[in-house]
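>>> what's the 3D shape of this:
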Amino acid sequence: MPYKQRNGCALYYEVQGQGEPLIFLHGLGGSMEQVQALFPQLDHIQLILIDQRGHGKSTGSFTSYTFADLAEDVLAIADELHLAQFSIAGISMGAAVSVYLLLHAPKRIKKTLLIRNAWINEAMSPSFRSLYALLADCLKKKEKARFQANAYFCELQMAAPAAAASLLQCFDDPAARRYPEKFIEIPKQKPFQDLFDLHQIKQPVMILANHRDPIHPFAFGQCLHAHIPHSSFYEIISKSENAAKQAEQIAFYLHAFL
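All right, here's what the predicted structure looks like:
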């Protein structure tokens, strides 16, 4: 099993197939299994999957969870694989890491797919930072019931049951229980400072967004599309409405983009 050692973290990754390299990044609290379920079989694509630090089979850190850390992890694995240039796709946190790479390592990126963005040039909202901090505390103390009883979580469960379910799954995830600090640190981060920074992006970018998901606001996708030159933007169905259909739509757009 391949691991890349970097700054005290052992980063697990897998390489599947041959062809044009695509690095596909999961979201906060997820793992490479999240994206494996979405990726269509493409003979001309070499798929590189990474468990980002503190997720899946990778080890984590108590403090180093900036988007710079996460992006440098990706570049370290790309260097390990001798990839001078690659395409990148990301879901939620993975999309934020992808934007960071577009801005800070543009010569390495061929094209990008951003799926269900949870960040623009701001940290997550105070309400979601509080909810994720509560999640971290409840994970440490093994208090799932306390988390479920939280009023804001109950509101999220009513508005977006799939998003709420993904948070509850963390209580069954060994990496979430082992590295709960990531749920405090990552929501505080900003992948970039100014929306006008996006105007310098020259690579093709496709953006997918859906309604009925307050963690991944539709408006964030619209905002990125408005500021990234020549980007394309498509609405997909909410996971809370039809998870299987959303996965089918993501696979369709991924296939079309690649």
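>>> could you find the closest non-adjacent residue to Ala37?
When the adjacent residues along the chain are set aside, Ala37 lies closest to Ala247, with 6.6 Å between them (C-beta to C-beta, 6 or more residues apart in numbering). Backbone N, C-alpha and C define where each C-beta goes, glycine included.
>>> am I right that that neighbour falls within a strand?
No - read with DSSP: H, G, I helix; E, B strand; the rest coil, Ala247 is helix and lies in no strand.
>>> roughly how far apart are it and Cys170?
Computed as C-beta to C-beta, to the nearest Å, the Ala247 to Cys170 distance reads 20 Å.
>>> more crowded one of the two?
Cys170 (22 against 16; other C-beta atoms under 10 Å).
>>> buried set for the helix or strand hosting Ala133?
Under DSSP states H and E, the secondary-structure element containing Ala133 is helix 126-141. Using 16 or more other C-beta atoms under 10 Å as the test for burial, helix 126-141 gives Phe128, Arg129, Leu131, Tyr132, Ala133, Leu134, Leu135, Ala136, Cys138, Leu139.
>>> before we move on, what about stretch 66-78?
Thr66, Phe67, Asp69, Leu70, Ala71, Glu72, Asp73, Val74, Leu75, Ala76, Ile77, Ala78.
>>> nearest to Gln148 among these?
Leu70 (28.9 Å; C-beta to C-beta).
>>> could you list every residue that touches the closest one?
Leu70 makes contact with Gln52, Arg53, Met93, Val97, Tyr100 under the criterion C-beta atoms under 8 Å, 6 or more residues apart in numbering.
>>> let's go with 10 Å and repeat that
25, 50, 52-55, 64, 93-94, 96-97, 100-101, 182, 186, 189, 191 (C-beta atoms under 10 Å, 6 or more residues apart in numbering).
>>> other SSEs contacting the helix holding Ala133?
Using 3 or more C-beta pairs under 10 Å, 6 or more residues apart in numbering; DSSP states H and E as the contact test, the elements touching helix 126-141 are helix 144-149, helix 151-159, helix 161-168, helix 174-178, helix 182-185.
>>> and the contacts of the first one?
Where contact means C-beta under 10 Å, 6+ apart, the residues beyond helix 144-149 that reach it are 131, 134-139, 141, 143, 153-154, 157, 164, 167-168, 170-172.
>>> go again with 7 Å.
Leu134, Leu135, Cys138, Phe153, Phe171 (C-beta atoms under 7 Å, 6 or more residues apart in numbering).
>>> again, but for the third one
Outside helix 161-168, the residues within contact range by C-beta under 7 Å, 6+ apart are Gly29, Leu135, Phe153, Leu156, Gln157, Asp213, Ile215, Lys239, Ser240, Ala243.
>>> tally of neighbours for the residue nearest to Gly221 when sequence neighbours are not counted?
Using C-beta to C-beta, 6+ apart and skipping residues adjacent in sequence, the residue nearest Gly221 is Ala209, 2.8 Å away. Here the count is done by other C-beta under 10 Å, and Ala209 has 23 residues near it.
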